[in-house]
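>>> Need coordinates for the following:
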Amino acid sequence: MQFVKPLALTMAVLLLVSSLTLTFSVNAQSNIKTELTLGVKKSDNPSSTNVSGDPNQALPRVVRVGDVHLIYGRLLKIEGKSNVGGLGNANVKLIDVYNNAQNPILLAAATTDKEGYFVFEWHVQAKEYEKLGVYELQEGIGSKDRITLQILSKYDGDANYASSTSRGFLVELRPLRFTTSISTDKQLYAVDEVAKVTITFKDPTGNFIDPEMLEIFFDSTRISATKLDVGTYFFVTPTLTEKIHSIMVIADKEEYLKETILATVTASAKIDLPVAILTVLDQSAYGIGDFVELAGDVRPAFVERAIMFQVKNPNGAVYNVGQIFANEDGTFKHEFKLGGSLAVPGKWSVTTTYLGQQITKEFDVGTLQTKFIRLTVELPETINDQGDPIGQGSMGSPLGIQATLINNEKRDAKLTYIVKVDDADGVTVMVSWIKGAVLKPGTSAKPAIFWIPEAIGNYTIRIFIWDSLDNPIPLAAPAKIKIGVA
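This is a model prediction of the structure:
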C-alpha cells in the first residue's frame, strides 16, 4: 500500500486563504488610505531614519506555550503618491484568523508612536485557545501537538483613516502537554482478581509533575488514587469480571492542554484445556476511513464465553474494544472503522482474548483510504433565493451553490458538503459547509449553501464531499463552477 501525505494538509489548504494575505473590507467613509506592515522596526540609532527588519520574517514559524515574542511593525497613511508617512497614536492589534475568521482571537494590542511604529508583546497562552475551542476544531485535522495559527495585524480605521491589514503568517503553536503513563502489574487477569494500577505524569522535559486537577474513573465509576510521589499515583481496582474494563484519567494544569487518557484492564475466564485462537484480517493494509474486518475461530467453542478485542494505534492509545460470542462452530467476526482523531497512520495492532489466551495481529494504516463509499455528484449549479438556476450573480444578492448527490452504495453515507469560493486572484472569499448529513442507500439529495457576493468580478466555486471535518476523506471528486458577479 502506498502512503501519501496526510489529507489533513488538504484540509488546511482548503480552509485557509489561498495566499497568505487576507483582505478585510475598507471603511467606505474613510478617505485616507493606510498600509500596515509587520516585520519592520525603527533603527536603534535615534539620529537615523533607516528601517530595519524583514517583512517576510515578521513572525516565528513555531511558538511554544509560555513564549514571549516581540512583533514589530509600522502603520502608514497614504495621502497621495508622494505623501506617505507614519500614522501616530493609532490602535492596532495582532489576531489569529485561522480558527474563526468571523471572530478572530486577539493575541496582543499596541499603539503606534508618532512615526507609526509599534511593537506587539505576544504572550503565548494556551488557555485562550482552549477556551475558544481551537483544539477541538483542529483535532483530527492536524495533531494536537501542532496547532496551526494564521496571524496578521489589523487597524480598524476611524472617521478619517481607512482600515487595513497586514499580510498573514502561518505559525505552529506547540502546546504544553503531559506525558502520561498508565501501567498495570499484569497484562491479562483471571476473573475475580484485582489489578494494581500506576499512573505517572511528566512535563515536556521529562521531569515528574503533578496535575492541578486529576480525575480517575474505572468502568465509569470514580476512583480515588494514592499519591506515591511527585507525578506518581496508585490505585487497586475492584474485583474483575470477564470483560475489558476501562480506565479513564482526566488531568489538567494551568497552561497545559487538558488531557483525557484511556487504558484497559482485561480479565478472562480460564479452563484446564488447550485453547486455540485463529484470526485473519481481510487486508494487510488499510487507509483512514476504511472498515477493518477481523474474522476467525476459537477452540474449544463455548458460546457462553466472551471473545474480547482491543485495538491500539501506533501511539499505543486504545482505539477500539469489543466483545462478542462465538458461533456454535467457533467462528466469529469483528468489524470497526478507522476514523476520528485517534486514527493516525502507522503500525496498528488488534489483540484477541479468549479463555485466558491472547493473540495479536498487526496491520498497516496509511492516509489513503482503500475501500470507502463513493458518491456521485451531478449537476453542480448556482441558483437564486427562489431556487431557480442563474448564470450570473449580482453583488449583494444571495447566490446558492447546489449539486445533486447520489448514493449508489448499499449502506448509509454520512457526509459533509463543503463549498469554497475563490476570487479571480485565487483569494478565498468564502468557505462554508453542511455537516452530519446522511444519505440513505439508493437515494439522492440536493444540498445548497448560499453566499452573498460583496464585490464585482469573476469567481471559481468548488464543491467538496467529505466523510466529515474530523475525518477529511473525500467521498466524491470535487466539482467546479465558474461564475461572474455584476
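>>> Around the spatially closest residue to A295 that is not a sequence neighbour, how many other residues sit close by?
Of all residues beyond its chain neighbours, the one nearest A295 is K333 (4.7 Å), with distances taken as Cβ to Cβ, 6 or more residues apart in numbering. From N, CA and C alone the C-beta is placed, and that goes for glycine too. Per other Cβ atoms under 10 Å, the neighbour tally for K333 reads 11.
>>> any weak-confidence spans in the stretch 251-400 of the chain?
For the stretch 251-400 of the chain, the stretches with pLDDT under 70 are 369, 371-373.
>>> quick one: the strands in it?
All strands of the stretch 251-400 of the chain, identified by DSSP state E, counting those that start in this stretch, fall at 259-268, 276-281, 285-287, 291-299, 306-312, 318-325, 331-337, 346-354, 357-366, 375-383, 392-393, 399-407.
>>> Next, format those strands as JSON lines and append distance to T428.
Below are these laid out as JSON lines (distance: least, Cβ to Cβ, whole Å):
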{"stretch": "strand 259-268", "distance to T428": "34"}
{"stretch": "strand 276-281", "distance to T428": "41"}
{"stretch": "strand 285-287", "distance to T428": "28"}
{"stretch": "strand 291-299", "distance to T428": "34"}
{"stretch": "strand 306-312", "distance to T428": "38"}
{"stretch": "strand 318-325", "distance to T428": "34"}
{"stretch": "strand 331-337", "distance to T428": "31"}
{"stretch": "strand 346-354", "distance to T428": "32"}
{"stretch": "strand 357-366", "distance to T428": "29"}
{"stretch": "strand 375-383", "distance to T428": "17"}
{"stretch": "strand 392-393", "distance to T428": "17"}
{"stretch": "strand 399-407", "distance to T428": "14"}
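>>> Could I get the contacting residues of D422?
S18, T428, V429, Y459, T460, I461, R462 (Cβ atoms under 8 Å, 6 or more residues apart in numbering).
>>> Pick out whichever of these sits closest to E304.
Nearest to E304 among the contacts of D422 is R462, at 55.2 Å by Cβ to Cβ.
>>> which strands and helices sit next to the helix or strand harbouring the closest one?
Per DSSP states H and E: R462 is located in strand 457-466. Here strand 457-466 touches strand 375-383, strand 399-407, strand 413-422, strand 479-485, going by 3 or more Cβ pairs under 8 Å, 6 or more residues apart in numbering; DSSP states H and E.
>>> Next one: the residue lying closest to K93 once chain neighbours are set aside from I95, what distance?
Nearest residue to K93 in three dimensions, chain neighbours excluded: A109, at 4.8 Å (Cβ to Cβ, 6+ apart). Per Cβ to Cβ, to the nearest Å, A109 is found 10 Å from I95.
>>> What's the local residue count around E293?
Using other Cβ under 10 Å, E293 has 14 neighbouring residues.
>>> contacting residues for I223?
I216, F217, F235, T237 are the contacts of I223 under Cβ under 8 Å, 6+ apart.
>>> F169 and Q150 touch, don't they?
Yes. With contacts counted by Cβ atoms under 8 Å, F169 reaches Q150, the gap being 7.2 Å.
>>> if we can go back for a sec, if we compare the helices and strands packed on strand 457-466, which one ends up closest to V298?
strand 413-422 (33.4 Å).
>>> And the average pLDDT for that closest one is what?
In this model, strand 413-422 has an average pLDDT of 91.
>>> got the angle for that strand vs strand 457-466?
Strand 413-422 and strand 457-466 are oriented at 160 degrees to each other (axes from the mean of the first three to the mean of the last three Cα atoms, to 10 degrees).
>>> How far off centre is strand 413-422?
With Cα atoms, centre = their mean, to the nearest Å as the basis, strand 413-422 stands 16 Å off its chain's centre.
>>> what's the helix or strand that it is followed by packed up against?
The first helix or strand that comes after strand 413-422 along the chain, using DSSP H and E, is strand 428-439. When contacts are defined as 3+ Cβ pairs under 8 Å, 6+ apart, strand 428-439 sits against strand 413-422, strand 448-451.
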